[in-house]
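Student: Quick check, what structure comes out for this input:
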Amino acid sequence: MRVHFISIGGSVMHQLAIALHKKGYQVTGTDDEIFEPAKSNLAAEGLLPLTIGWQPSLITKDIDAVILGMHAKSDNPELLKAQELGLAIYSFPEYIYHESRQKKRVVIGGSHGKTTTTSMVMHVLRKQGFDFDYLVGARLEGFPQSVNITDAPVIVCEGDEYPASALEKKPKFHFLFPHIAVLTGIAWDHINVFPTFEFYLEQFVIFINKIEQNGVLIYNSADPVLQKLVDAHRRSDIRYLSYEIPQHTISDGKTTITLDGASGNLRVFGNHNLMNLNAAWLVCRELGITSADFVKAIADFTGAAKRLELLAANANTLVYRDFAHAPSKVKATMEAVKQQFPDRKLIAVLELHTYSSLNEAFLQEYKGALDQADTAIVFYSKHALSLKRMPELSAEKIIAGFQKKGLLVMNEKQALMDWLSQQNYSGVNLLLMSSGNYDGLDMLTFATQITR
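Tutor: Numbers count the residues shown, from 1 in each chain. You can find the predicted model right below:
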């Protein structure tokens, strides 16, 4: 097989390229810019392009598949050449399906929790010596890459609702056709892609209809929006398994879970993580894992990167970071930390970084999201607004959207660091929530300094 990647430097594109190279395929690829860690990863496998930029001369008739990344535009010269030659052109998820047609496919979708749920399933299967391929959107301990394609009989995929490519605007999870499907919940986000809530909902209806006949849908019945959608679009040719928060106890900041009579302690916490865990358990049960083996294997799961990740700690202070940025994710993360440590003061810092979160019309969706914090800060950089070509955003509009008493709003990174450096962190948990990097602030070093 000869495969060519247009935009090989993408975060998941380069990982797929490496996986196919290891499988024995002849892999080539190009990009107009490649950053770390993709650059070093590709170089280590001998896949780094010799020249940066598009090279239509590389597109020849003997290529079996062209894989088109999200970064590539519809007028990309290599794409135009591939179309002219009549080559098979795939978006990333289309090619994942192409490689997985003979596998049992597990696809985990939803507005929130899909990365963690996918990671939990992968963690347990690995601990049980299960042979499987995977696709997940975060770094996970024990897995050298985020994509793996071999001859394994099962593939576990995180199902993203973002568009598949410049040519294919349908969501990625519409192309994976699961035998075992999960929906973790529905909360409107990505208003630049899904301008109305109704349009967003329709993508999940389509996903349900893509489940293979005699398959199963595992869904969060505690989410009223999702429950209503499932009830309205129920199929007679698939099974349904609902889940909520499983049986558990919390004592001295530790959570103990019980599933089908098997009990064990966890290193993760919070209602959203417990629901993710329950979904992961139902997936693993479908794959033949017992409750005792699941509970034993999940005990040392510490989470995917940036999902309630403990950055630093001492006896009096804990510093967590979380990828939370959408309103539902922010609220769930806040509640998790406060529930697990009810006697600790909570300082929460949320960076508005996405198109939706920086949009004045969307700010009202954040009402109440930071209410669990004793002190809350919303940070956004003028640089992020400039890059997204968005208008200025006033502190007054942010305060009106969140409706959090005493909310602090900052848009200068030095002002944020100065404020954080002046606080007393004894008996305090600091929660850093962002899909960005606080305009370049080194929060890991700061977390280490305040917990020494």
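
Student: Please parse the chain into its domains.
Tutor: 2-87, 95-298, 309-450 (automatic domain parsing).

Student: Let me have the ones you listed in JSON lines, extended by mean pLDDT and mean neighbour count.
Tutor: Where C-beta positions appear, they are placed from N, C-alpha and C, glycine not excepted. JSON lines is the format used below for the domains of the chain (pLDDT from 0 to 100; neighbours: other C-beta atoms under 10 Å):
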{"stretch": "domain 2-87", "mean pLDDT": "95", "mean neighbour count": "18"}
{"stretch": "domain 95-298", "mean pLDDT": "93", "mean neighbour count": "19"}
{"stretch": "domain 309-450", "mean pLDDT": "92", "mean neighbour count": "18"}
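
Student: any chance you could map the helices in the protein?
Tutor: All helices of the chain, identified by DSSP state H, fall at 13-23, 38-44, 77-85, 92-99, 114-127, 197-209, 224-232, 271-286, 291-298, 327-340, 382-387, 395-402, 413-421, 443-450.

Student: what's the second one packed up against?
Tutor: To tie it back to what came earlier, the one meant is helix 38-44. Helix 38-44 makes packing contacts with helix 13-23 when contacts are defined by 3 or more C-beta pairs under 8 Å, 6 or more residues apart in numbering; DSSP states H and E.

Student: Tabulate the helices of the chain in JSON lines, adding columns for distance to Ile191.
Tutor: Below are the helices of the chain laid out as JSON lines (distance: least, C-beta to C-beta, whole Å):
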{"stretch": "helix 13-23", "distance to Ile191": "26"}
{"stretch": "helix 38-44", "distance to Ile191": "29"}
{"stretch": "helix 77-85", "distance to Ile191": "28"}
{"stretch": "helix 92-99", "distance to Ile191": "22"}
{"stretch": "helix 114-127", "distance to Ile191": "19"}
{"stretch": "helix 197-209", "distance to Ile191": "9"}
{"stretch": "helix 224-232", "distance to Ile191": "16"}
{"stretch": "helix 271-286", "distance to Ile191": "22"}
{"stretch": "helix 291-298", "distance to Ile191": "35"}
{"stretch": "helix 327-340", "distance to Ile191": "12"}
{"stretch": "helix 382-387", "distance to Ile191": "16"}
{"stretch": "helix 395-402", "distance to Ile191": "14"}
{"stretch": "helix 413-421", "distance to Ile191": "26"}
{"stretch": "helix 443-450", "distance to Ile191": "27"}
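
Student: just so I know, which of those lies nearest Ser242?
Tutor: Of all the helices of the chain, helix 224-232 sits nearest to Ser242, with 7.9 Å by C-beta to C-beta.

Student: Can you check what angle separates the closest one from helix 197-209?
Tutor: 50 degrees (axes from the mean of the first three to the mean of the last three C-alpha atoms, to 10 degrees).

Student: who are the neighbours in contact with Tyr380?
Tutor: Counting by C-beta atoms under 8 Å, 6 or more residues apart in numbering, Tyr380 makes contact with Glu351, Leu352, His353, Ser357, Leu358, Leu393, Ile398, Asn411.

Student: nearest to Gly86, of the residues you listed?
Tutor: His353 (41.2 Å).

Student: So the closest one is in contact with Leu387, correct?
Tutor: No. His353 is not in contact with Leu387 according to C-beta atoms under 8 Å; the separation is 10.2 Å.

Student: and which of the contacts of Tyr380 is nearest Thr60?
Tutor: His353 (41.0 Å).

Student: His383 is in contact with Gly436, isn't it?
Tutor: No. When contacts are counted by C-beta under 8 Å, His383 is not listed as touching Gly436 (10.0 Å).

Student: measure stretch 148-161 end to end?
Tutor: 20 Å (C-alpha to C-alpha, to the nearest Å).

Student: List the residues that contact the nearest residue to Ala187 once chain neighbours are set aside.
Tutor: Excluding the flanking residues, the one nearest Ala187 by C-beta to C-beta, 6 or more residues apart in numbering is Ser328, at 3.6 Å. With contact set as C-beta under 8 Å, 6+ apart, Ser328 has these partners: Ser111, His112, Gly185, Ala187, Asp189.

Student: same thing but 7 Å
Tutor: Ser111, His112, Ala187 (C-beta atoms under 7 Å, 6 or more residues apart in numbering).

Student: can I get those residues in JSON lines with distance to Phe323?
Tutor: Formatted as JSON lines, the contacts of Ser328 follow (distance: C-beta to C-beta, whole Å):
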{"residue": "Ser111", "distance to Phe323": "13"}
{"residue": "His112", "distance to Phe323": "10"}
{"residue": "Ala187", "distance to Phe323": "15"}
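
Student: from these, which single one is nearest Lys296?
Tutor: His112 (27.0 Å).

Student: OK, contacts around Gly137?
Tutor: By C-beta under 7 Å, 6+ apart, the neighbours of Gly137 are Thr115, Ser146, Glu158, Asp160.

Student: What sits closest to the third one if chain neighbours are left out?
Tutor: What that stands for is Glu158. Excluding the flanking residues, the one nearest Glu158 by C-beta to C-beta, 6+ apart is Thr118, at 4.3 Å.

Student: got it, and Pro77?
Tutor: That would be Pro56: by C-beta to C-beta, 6+ apart, it lies 4.7 Å from Pro77.

Student: Neighbours of the residue nearest to Ala313 when sequence neighbours are not counted, how many?
Tutor: Closest residue to Ala313 apart from its sequence neighbours, by C-beta to C-beta, 6+ apart: Thr451 at 5.8 Å. A count of nearby residues for Thr451, using other C-beta atoms under 10 Å, gives 17.

Student: when you give positions from now on, start the count at 29
Tutor: Sure, I'll start numbering at 29, so the last one becomes Thr479.

Student: From Asn342, how far off is Thr479?
Tutor: Distance from Thr479 to Asn342, counting by C-beta to C-beta, to the nearest Å: 4 Å.

Student: repeat for Glu230
Tutor: 49 Å.

Student: Glu393 too?
Tutor: 36 Å.

Student: And for His276?
Tutor: From His276 to Asn342 the distance is 27 Å (C-beta to C-beta).
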